[in-house]
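**Student:** Predicted model, plus sequence, below.
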Amino acid sequence: MNLPGFSAAGELSRYSPARVTHPGANVGRVRDPSVSRYAAGRLSPIRRVSDLRRLRDEHFDVLVIGGGVTGAGAALDAASRGLSVALVEARDLAAGTSSRSTKLIHGGLRYLEQLELHLVHEALTERGLLATRLAPHLVRPVPILVPLPPASPPVRIWHRGYYGVGLAAYDVFAGVFGDGRGMPMHRHLTRDGARHLFPSLRADAITGAIRYFDGQVDDARLVVTLARTAASLGAAVVTSARVVGFVREAREVIGVKVRDLEAPDAPEFEVRARTVVAATGVWSDDMSQMLSDVGVRPGLRVRASKGVHVVVPRSAITGDAGLILRTPTSVLFVIPWGGHWIIGTTDTDWHLDRSHPAASARDISYLLDQVNTVLDRPLTTDDIEGVYAGLRPLLSGEADSTSKLSREHAVVEPMLGLLLVAGGKYTTYRVMAADVIDRAVRRLGNTAPPSRTDQLPLLGADGYPAAWRDRQDTARRHGVTAGVVEHLLERYGTLTVHLLAMIAADPALATPLTGAPEYLAAEVAYAALAEGALHLDDVLTRRTRISIETPHRGTESARHAAMVMSEALGWNAAVRQREVEHYLARVLAERESQTKPDDLAADAARIGVPDVRGFAADRGVDLLEVDL
Ligand SMILES: Cc1cc2nc3c(=O)[nH]c(=O)nc-3n(C[C@H](O)[C@H](O)[C@H](O)COP(=O)(O)OP(=O)(O)OC[C@H]3O[C@@H](n4cnc5c(N)ncnc54)[C@H](O)[C@@H]3O)c2cc1C
């Protein structure tokens, strides 16, 4: 199966890392100008083969380890400056923390409260850029209520004044004037006004509310789009490629050793690069550990703090906005997510398997207890559709409690040729990326220009407002409903035309996916042919969010999706069976872990099913040193 209009073989032969100039970069190793940016940004199976070959043959300016938002952002930053770039990711794009966030592009009200004003300003600037210029198809405003709790009249006035001033400042930091803010302004609501907007709020739990806006994003999709945009500018992007060591010359890192996890019997190979950037989130300490034989000081330590979310159907709570609630240790978000609500998060230290952090029954009951303090109909575990856990990469050392640790990022160079970037938050990925690539450029003594990613719309963003405006016409022309076009536009932006072309060439691809009818079979095929999905888990968990959006957690969609992937990737019956069995076993293990009382028991239940890419438990460096 190919994308209409582009044969896979043609794509390979036409892709050429020639040195040319193009808008958005200076001079560098970029795509052949006769190939469209869309075609060059297609992460197809054949592209993986060609990019693997490039890893072996080329000497890159920058090699990025880690395909989370930081690594994908860094690859894009470097590629758009005209540098030759490779990105290697051990598992799937966004398989780490970057698919497990609260999915907010936000300034962070908590940082405002802690008077970390520069962080708030920086994040709100990024929010505006993403929502208006870089990714308006992926980042949208979401209204959120700050409920004002019952109190005596003077305290009530104080609450309203305190939060009101805070949210006014939030709006000011986002830029009150101009169209770059990308979000509406905040508004005060009475108790009746708040309950009108959010009828499920218990009348005795509030005296009023303030409504403000932040950005919402499908975090995994933004990462894939960043990686594809980097690929469209010439970056080699290879997933299932695990870095297992560094190549050194004297006391300088000159490359990495990579294992291709899709070819377990193939020998490791070396990739040469003038600068290696490790953007490995909670795996950062492993990078320094790989250099421990030469006595390298890591320069930074990253600790993991687990955050759990539960997903419930939209019908479980009646409301047209999200909520932000204070908890004893932090805050809790209740955020509308299509036909669902996302409720989270927890904030506790985690020292167990980092690839598959497990949510325990204690985490889940904590979340339900917190949200039930304000809901008129309490939620129970029966309401839960999905559960996911992620690990915050926190720069360690600043405080004892994880929720107080700084979210600021750091760039260090523990050894010549190796830069580590970690910390920060999803919203500010572009700032982190620019910082680390600035360091790389200085090191290279290169004349590459400053970062220009603030001017570079991601794939699918160009022409998005017009495509949204014309969605009814598009639907009529393609014989699908306007709802289908809206769904596609909000996930692919103007790349939607490619999915519609696939459906025109093969109408069976318009079939809704079994068990998840809001998704089309075409999306599964496109994920495999253009978005770098190599396994069923990649499609059900990250290209779509079926694993958290259905009560069956994707098990009822697995066979249909595997069948579509078989056609796209040429799987035989045995591979298909293995993929389905792995997915079912993974869901079973996760369900089991969520009945366990604590982290240790939940982790033990979850690690019974190893990663589909073939490596087993993935424990932290510090865990190896303690005896459980
Ligand atoms: C519960 C929770 C909620 C959050 N909510 C928000 C939010 O709403 N808004 C916000 O702005 N931020 C939020 N954050 C923070 C944000 O999600 C993270 O800061 C961000 O995703 C970190 O991205 P990263 O790329 O640095 O790390 P990761 O996404 O973890 O990426 C690191 C990658 O490195 C790869 N890797 C590791 N070792 C190797 C190796 N040896 N070889 C190759 N690859 C390797 C991993 O597989 C992984 O994919 C949240 C975090 C959590 C945990």
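**Tutor:** Received it, and whenever you're ready, just let me know what you need.
**Student:** how far away is residue 127 from residue 204?
**Tutor:** As for residue 127, its distance to residue 204 is 34 Å (criterion: C-beta to C-beta, to the nearest Å). No exception for glycine: its C-beta is placed from N, CA and C like everyone else's.
**Student:** neighbour count winner among these two?
**Tutor:** Taking other C-beta atoms under 10 Å, residue 127 and residue 204 do not tie; residue 127 has more neighbours (28 against 10).
**Student:** roughly how far apart are that one and residue 321?
**Tutor:** In terms of C-beta to C-beta, residue 127 sits 18 Å off from residue 321.
**Student:** okay, stretch 530-549 in CSV with CA atoms only?
**Tutor:** What follows is stretch 530-549, C-alpha atoms only, in CSV (Å, rounded to 0.1, in the frame of the first residue of the first chain):
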residue,chain,number,x,y,z
ALA,A,530,3.8,8.4,6.8
GLU,A,531,4.1,8.8,10.6
GLY,A,532,6.8,6.3,11.5
ALA,A,533,4.5,3.9,13.4
LEU,A,534,6.2,0.4,13.4
HIS,A,535,4.0,-1.5,15.8
LEU,A,536,0.3,-1.8,16.7
ASP,A,537,1.1,-0.2,20.1
ASP,A,538,2.4,2.9,18.4
VAL,A,539,-0.9,3.3,16.5
LEU,A,540,-3.3,2.5,19.3
THR,A,541,-1.4,4.4,22.0
ARG,A,542,0.2,7.5,20.3
ARG,A,543,-0.9,8.1,16.7
THR,A,544,-4.4,7.6,17.9
ARG,A,545,-5.3,7.7,21.7
ILE,A,546,-7.6,4.7,21.5
SER,A,547,-5.7,3.0,24.4
ILE,A,548,-7.0,5.7,26.9
GLU,A,549,-10.2,6.7,25.2
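**Student:** Can you mark which positions in it are buried?
**Tutor:** Under the neighbour-count criterion of 16 or more other C-beta atoms under 10 Å, stretch 530-549 has 530-549 buried.
**Student:** Mind checking which of those land in helices?
**Tutor:** 530, 536, 537, 546, 547, 548, 549 (DSSP state H).
**Student:** Just put the residues you listed in TSV and tack on pLDDT and distance to residue 40.
**Tutor:** As requested, those are exported to TSV (pLDDT from 0 to 100; distance: C-beta to C-beta, whole Å):
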residue	pLDDT	distance to residue 40
530	98	11
536	98	27
537	97	27
546	98	29
547	98	30
548	98	32
549	98	32
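**Student:** Next, give me the two most distant ones among those.
**Tutor:** 530 and 548 (23.0 Å; C-beta to C-beta).
**Student:** now residue 542, nearest residue through space, not along the chain?
**Tutor:** Excluding the flanking residues, the one nearest residue 542 by C-beta to C-beta, 6 or more residues apart in numbering is residue 220, at 3.9 Å.
**Student:** name the element that neighbour belongs to?
**Tutor:** helix 219-232 (DSSP states H and E).
**Student:** Neighbouring strands of the helix or strand just after that helix in the sheet, and parallel or not?
**Tutor:** The helix or strand immediately downstream of helix 219-232 is strand 236-238, counting by DSSP H and E. Strand 236-238 pairs in its sheet with strand 85-88 (parallel), by DSSP bridges.
**Student:** Centre of the chain to the partner strand, how far?
**Tutor:** 18 Å (C-alpha atoms, centre = their mean, to the nearest Å).
**Student:** swap in stretch 474-490?
**Tutor:** With C-alpha atoms, centre = their mean, you get 25 Å for stretch 474-490.
**Student:** Ends of that stretch, what's the gap?
**Tutor:** 14 Å (C-alpha to C-alpha, to the nearest Å).
**Student:** List the contacts of residue 475.
**Tutor:** 481, 482, 484, 485 (C-beta atoms under 8 Å, 6 or more residues apart in numbering).
**Student:** quick one: contacts for residue 480?
**Tutor:** With C-beta under 8 Å, 6+ apart, residue 480 has these contacts: 500, 503, 510.
**Student:** that older thread, can you tell if the helix holding residue 220 touches the ligand?
**Tutor:** No - Helix 219-232 lies apart from the ligand when judged by C-beta under 6 Å from any ligand atom; the minimum separation is 6.6 Å.
**Student:** How much space separates residue 256 from residue 149?
**Tutor:** As judged by C-beta to C-beta, residue 256 and residue 149 stand 52 Å apart.
**Student:** Looking at those two, which is more packed in?
**Tutor:** Per other C-beta under 10 Å, whichever of residue 256 and residue 149 has more neighbours is residue 256, with 28 against 15.
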